[in-house]
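Colleague: Here is my input, please return the structure:
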Amino acid sequence: MPLNSPHPSHPKYRADIDGLRAIAVLAVVAFHAFPTWLKGGFIGVDVFFVISGYLISTIIFESLDKGVFSFSEFYARRIKRIFPALILVLITCFAFGWFALLADEYKQLGKHMAAGAGFISNLMLWSESGYFDNAADTKPLLHLWSLGIEEQFYIVWPLLLWLAWKRNFNLLTITVLLAIASFVLNLKGVSKDPVATFYSPQTRFWELLSGSLLAWGTLYQQSFFVNLAKKANQYLYILLYKDKRDTNAQTLANLLAFVGLLLLAYGFWQINKDLIYPGKWALVPVAGTILLLMAGPKAWINHTLLSNKVFVGIGLISYPLYLWHWPLLSFARIVESGVPTLTIRILAIALSILLAWLTYLLIERPIRFGQIGKKSAVGILVLLMLGVGGAGYYVYEKDGLGYRNSVLQYIEKNNALDSGPHSTAACKEKFDFKYNEFCLINSISRPPDVILIGDSHGHNLYKGLADAFDRQGLNLLVVGRGGCLPFFDTNSDSGTYDPACRILMNQLLNFAIAADSIKRVVLTSRSMFYITGTGMGGMLPRGRVISNTMHPHIKDSKEVFKIGLDETFKKLSFSKKKIYYVVDFPELDFIGQKCVPRPFGRVNFDLCRISRSRYEHRNEISHSLLKESFRLHSNINVFWTDQYFCDAEWCYGIKDGSALYKDADHISPYASIGIGNLFYK
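Modeller: Just a heads-up that it's a prediction; the model follows:
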């Protein structure tokens, strides 16, 4: 609502809103391409949320007021606005992925295509954000999470407003109550489950509803705000100027716009991904956007900066630019098997701008404003979206169509990166442990002779050790949970005091001791991850905090690790079972897929390794603690995995032409089999 106008109204088109869209999309693009340059650029999405809530609610409020609201008309306009560019981007990703992606990558892309076509990407990404999840940078459709939240708002909000209007409820009261409820859920949820709070519609709707509140004020409280603006201007004149000036000046509007822009600038430079977000921090971009919208098109910043032709032009293509830029950057990272060079990233952004303009001129405008019949255009778009979503789901169901061409077939055969299922239904049903994340057994028809308990690295060892024990006639059961130390009474969480790890590991270890059929117990874990709280070279910064419930006063992670290890060995030793400890394999400071040759890509094999000295320095503390414990418990059978990965000088990410890792610390099935062969000897 332009507070500087004597007769405020919401214009059918405001150039400054397109300029604001430009700032938002450029911030997001800059963050994705150059994350160290603009650390808070991702809050551009929050700007989009507020703008969407403002514009959509204005349309709905006006239509309801005039008695002309139509669900079919509303959704037809949404479909013609959103579907064309999205369908084109999804088809392009599908086609490029056919030639460039390995089976597990293409399977993931198919899953994300289906979710994107159904506008549930945020819910799907929320569900797969566990410890085993692939790096976000290698998900070409990751950015569709925000589109999912907007579309879910478009489904719920019009229906709710229509029902409230039909029953003569106060629309302002409903909007305020829902906004407050959503904001409270956001504040409460962000400390308990930041991933869920980031992706959940109920914890994000307050951002769109804040725009709805502004839309309500614009339409129904015009005279109140105009009078308030005049009075505020008068006081500002007295404070700022020594001469009497025209009370219709733009002082208040200019002040609102300046503060709003200042808030956005502060957010772009000060908010970063290490903060718990959204939470209270999301107030910064939301408040900044609200103030800029309130200032109106005549405020100096809005009229001069945001309405500039360059910003308006970028704003007009902001939607296709948002859709194009991330797949290009993500595919570049996949093909390059690491962060693309600065030149490649700049070229990707330039190409995304070109594709966005072509999409806008050749696809969006003709479909939205062309002569194609409304019903026929909407029907065709819906059928195309169903087809794209169905194609993605088919690829997912067929495990990524691994043999699409001979080149990929050769790569898949020699560089298998899929570690197989986390669990089988039969194993989960037979061994029903609370909080258990993976459960695999060599033969479900026989009781286990050997149990391997560990974190996700234990799961990695299943393929190789199952074969090794099978050659001895022994049936291996692998159970555990990602991010959990296989020690008695040891909590391991992200600082939220989640007892899942302690409860599960106590169950598993007690089961291993009590089960008569089990003669051998194997333990393994990513030791230094728990001691230092992070991966090698800062990889996987989402660390763990460990504590021991029997010694809650001990805060030093090294002491907690040592106590848990010694107590576990002591209790297992009393059981008279044969105990193995598999010392964890080396971690990398790069993604292991970097070492996989692929179409359109290249591999520098000299870079697919770390020095032996770096490996030893990284693990100096854990190895010292382990060796001390091994001396105290001489009955422990120790297996050092570094003998497979390292020589005297280097630890390798590739061996005999095959990748040994699927990321920075999880090994490939090829490496698992290699370890199993050494273990058997």
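
Colleague: Which stretches in the stretch 301-450 of the chain count as helices?
Modeller: Here the stretch 301-450 of the chain has its helices, by DSSP state H, counting those that start in this stretch, at 309-316, 318-336, 342-359, 365-369, 374-397, 406-414, 425-430.

Colleague: among those, which is nearest residue 159?
Modeller: Among the helices of the stretch 301-450 of the chain, the nearest to residue 159 by CB to CB is helix 374-397 (18.8 Å). C-betas here are computed from N, CA, C, even on glycine.

Colleague: Any chance you could list what contacts that closest one?
Modeller: By CB atoms under 8 Å, 6 or more residues apart in numbering, the surrounding residues in contact with helix 374-397 are 76, 79-80, 83-84, 86-87, 90-91, 94, 106-114, 116-118, 367, 401.

Colleague: Tell me the gap between that helix and the middle of its chain.
Modeller: A distance of 25 Å separates the centroid of the chain from that of helix 374-397, by CA atoms, centre = their mean, to the nearest Å.

Colleague: next one: stretch 338-352
Modeller: Relative to the chain's own centre, stretch 338-352 is displaced by 21 Å; criterion: CA atoms, centre = their mean.

Colleague: for that stretch, what is the average pLDDT?
Modeller: Stretch 338-352 comes out with an average pLDDT of 92.

Colleague: Same check on stretch 139-149?
Modeller: 95.

Colleague: could the helices of the stretch 301-450 of the chain go into JSON lines alongside distance to residue 547?
Modeller: As requested, the helices of the stretch 301-450 of the chain are exported to JSON lines (distance: least, CB to CB, whole Å):
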{"stretch": "helix 309-316", "distance to residue 547": "50"}
{"stretch": "helix 318-336", "distance to residue 547": "36"}
{"stretch": "helix 342-359", "distance to residue 547": "41"}
{"stretch": "helix 365-369", "distance to residue 547": "57"}
{"stretch": "helix 374-397", "distance to residue 547": "39"}
{"stretch": "helix 406-414", "distance to residue 547": "42"}
{"stretch": "helix 425-430", "distance to residue 547": "28"}
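
Colleague: Would you mind saying which of those lies nearest residue 451?
Modeller: Closest approach to residue 451 among those is made by helix 425-430 (12.0 Å; CB to CB).

Colleague: who wins for proximity to residue 165 among the helices of the stretch 301-450 of the chain?
Modeller: Ranking the helices of the stretch 301-450 of the chain by their distance to residue 165 (criterion: CB to CB) puts helix 374-397 first, at 24.7 Å.

Colleague: Now do the buried residues in that closest one.
Modeller: Residues of helix 374-397 classed as buried: 377-378, 381, 384-385, 388-389, 391-393, 395-396 (neighbour count, 16 or more other CB atoms under 10 Å).

Colleague: Out of those residues, which two are the most distant from each other?
Modeller: Top of the distance list for those (CB to CB): 377 and 396, 28.9 Å.

Colleague: still on that earlier bit, apply the buried test to the contacts of helix 374-397 and list what passes.
Modeller: Among these, those scoring as buried are 76, 79-80, 83-84, 86-87, 90, 94, 106-114, 116-118, 367, 401 (criterion: 16+ other CB under 10 Å).

Colleague: rewinding a little: from the contacts of helix 374-397, which ones fall inside helices?
Modeller: Among these, the members found in helices (DSSP state H) are 76, 79-80, 83-84, 86-87, 90-91, 94, 106-114, 116-117, 367.

Colleague: Tell me, what's the model's pLDDT at the nearest residue in space to residue 359 that is not next to it in sequence?
Modeller: Leaving aside its sequence neighbours, residue 359 sits nearest to residue 320 (CB to CB, 6 or more residues apart in numbering; 4.0 Å). At residue 320, the pLDDT value in this model is 97.

Colleague: next one: residue 253
Modeller: The model reports residue 253 with a pLDDT of 84.

Colleague: what kind of secondary structure is residue 553 in?
Modeller: Secondary structure, DSSP: H, G, I helix; E, B strand; the rest coil: residue 553 is coil.

Colleague: do you know how far it is from residue 547?
Modeller: Counting by CB to CB, to the nearest Å, the gap from residue 553 to residue 547 is 10 Å.

Colleague: out of those two, which sits in the more crowded spot?
Modeller: Set side by side, residue 553 and residue 547 show more neighbours around residue 547, with 19 against 6, by other CB atoms under 10 Å.

Colleague: residue contacts, the more buried one?
Modeller: Counting by CB under 8 Å, 6+ apart, residue 547 makes contact with 490-491, 554-555, 560.

Colleague: I'd like those as JSON lines, with distance to residue 473 and pLDDT appended.
Modeller: Output for those, formatted as JSON lines (distance: CB to CB, whole Å; pLDDT from 0 to 100):
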{"residue": "490", "distance to residue 473": "33", "pLDDT": "94"}
{"residue": "491", "distance to residue 473": "37", "pLDDT": "91"}
{"residue": "554", "distance to residue 473": "43", "pLDDT": "91"}
{"residue": "555", "distance to residue 473": "46", "pLDDT": "89"}
{"residue": "560", "distance to residue 473": "38", "pLDDT": "94"}
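
Colleague: Let me have these in TSV, extended by neighbour count and distance to residue 100.
Modeller: Shown next, in TSV, are the contacts of residue 547 (neighbours: other CB atoms under 10 Å; distance: CB to CB, whole Å):
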residue	neighbour count	distance to residue 100
490	25	43
491	24	42
554	15	50
555	11	47
560	23	44
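
Colleague: Can you get me a residue count around residue 422?
Modeller: Neighbours around residue 422, by other CB under 10 Å: 17.

Colleague: Oh, that last question was meant for residue 549, not what I typed.
Modeller: Count around residue 549 with other CB under 10 Å applied: 12.

Colleague: The closest residue to it other than its chain neighbours and residue 426: what is the separation?
Modeller: Closest residue to residue 549 apart from its sequence neighbours, by CB to CB, 6+ apart: residue 489 at 4.9 Å. Taking CB to CB as the measure, residue 489 falls 31 Å from residue 426.

Colleague: And residue 668, by the same measure?
Modeller: Remark: distance between residue 668 and residue 426 (CB to CB) = 25 Å.

Colleague: Counting neighbours around each, name which of the two comes out higher.
Modeller: residue 668 (28 against 12).

Colleague: phi, psi of that one?
Modeller: Dihedral angles of residue 668 (phi, psi; degrees, to the nearest 10) stand at phi -80, psi 160.

Colleague: Can you read off the pLDDT for it?
Modeller: For residue 668, pLDDT reads 87.

Colleague: Ramachandran angles for the residue nearest to residue 660 when sequence neighbours are not counted?
Modeller: Excluding the flanking residues, the one nearest residue 660 by CB to CB, 6+ apart is residue 671, at 4.1 Å. Dihedral angles of residue 671 (phi, psi; degrees, to the nearest 10) stand at phi -70, psi -40.
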